[in-house]
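> quick one: sequence plus predicted model below, questions after.
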Amino acid sequence: MLNLPVLVLNQNYEPLNLCSKRRAVVLVLNERAQILENGLGMFHSTASNFPIPSVIRLFHLVRRPIPIRRLSRREVFLRDGYTCQYCGLITKNLTLDHVIPRVRGGTHVWDNIVSACSKCNHRKAGRTPKEAGMLLMKETKAPAAHPYAMFFHRPILDEWRKFMPWMAGVPVSSDKAVAAG
Ligand SMILES: [Zn+2]
């Protein structure tokens with residue numbers, strides 16, 4: 001439980017990043033941040049008791065650019081909604097396909113990479129979509145920058161959700177007992 005990360009909010013309450021419990025406690029003790037949620041109880045030491053933070057808010061505003069979405073397998077699958085871009089099959093069992101094959105000079109960039117089921121990838125092989133007679137479902141491009149993209153692939157604790165507007169309406173996961181435990 002003490003290994004669970006802490007959600008760090010900017011001074012304006014926007015989710016900023018995650019940090020360790022230790023780091024969060026140091027920020028609070030140094031009066032750099034305040035605890036907003038501490039549903040995990042208290043640290044007990046011989047000297048004192050201290051609430052275990054699960055959400056903290058910084059007292060100063062951190063300004064930073066919206067992070068660029070880095071090209072990776074899971075980011076491509078996420079962009080494509082876990083859907084094969086050739087046959088429309090929705091599956092977690094996807095491969096990356098270079099639209100213009102690398103042996104034909106295709107590059108490893110967002111515009112040239114799509115999610116493909118293994119059947120379609122195998123069928124297309126070293127051909128272009130046109131040569132293979134396989135149409136792409138949509139134009140491929142880099143996903144829009146999103147200020148909270150870093151949270152997309154992480155488990156979200158229940159206590160964090162009210163601070164995460166993009167999570168509104170997303171069902172609470174079944175690991176609630178673990179988060180609350
Ligand atoms: Zn397919």
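Yep, it's here.

> which SSE is residue 8 in?
If you go by DSSP states H and E, residue 8 is part of strand 6-9.

> summarise which helices and strands that strand is packed against.
Judged by 3 or more C-beta pairs under 8 Å, 6 or more residues apart in numbering; DSSP states H and E, strand 6-9 is in contact with strand 15-19, helix 21-29, strand 55-58. Backbone N, C-alpha and C define where each C-beta goes, glycine included.

> distance of the closest residue to residue 101 other than its chain neighbours relative to residue 104?
Of all residues not flanking residue 101 in the chain, residue 126 sits nearest, at 4.8 Å (C-beta to C-beta, 6 or more residues apart in numbering). Taking C-beta to C-beta, to the nearest Å as the measure, residue 126 falls 7 Å from residue 104.

> could I get the helices and strands packed on strand 6-9 as TSV with distance to the ion?
TSV is the format used below for the helices and strands packed on strand 6-9 (distance: least, C-beta to the ion, whole Å):
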stretch	distance to the ion
strand 15-19	35
helix 21-29	44
strand 55-58	41
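
> nearest to residue 166, of these?
The minimum distance between residue 166 and the helices and strands packed on strand 6-9 falls on strand 15-19, with 9.2 Å, by C-beta to C-beta.

> tell me the strands beside that closest one, with direction?
strand 6-9 (antiparallel) (DSSP bridges).

> CA atoms only for the one helix or strand residue 131 maps to - export them in CSV, please.
In this assignment (DSSP H and E), residue 131 forms part of helix 129-132. In CSV, the C-alpha atoms belonging to helix 129-132 read as follows (Å, rounded to 0.1, in the frame of the first residue of the first chain):
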residue,chain,number,x,y,z
PRO,A,129,-2.2,-1.2,-49.1
LYS,A,130,-3.0,-0.4,-52.7
GLU,A,131,-0.9,-3.4,-53.9
ALA,A,132,-2.6,-5.7,-51.4
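
> right, I'll leave it there.
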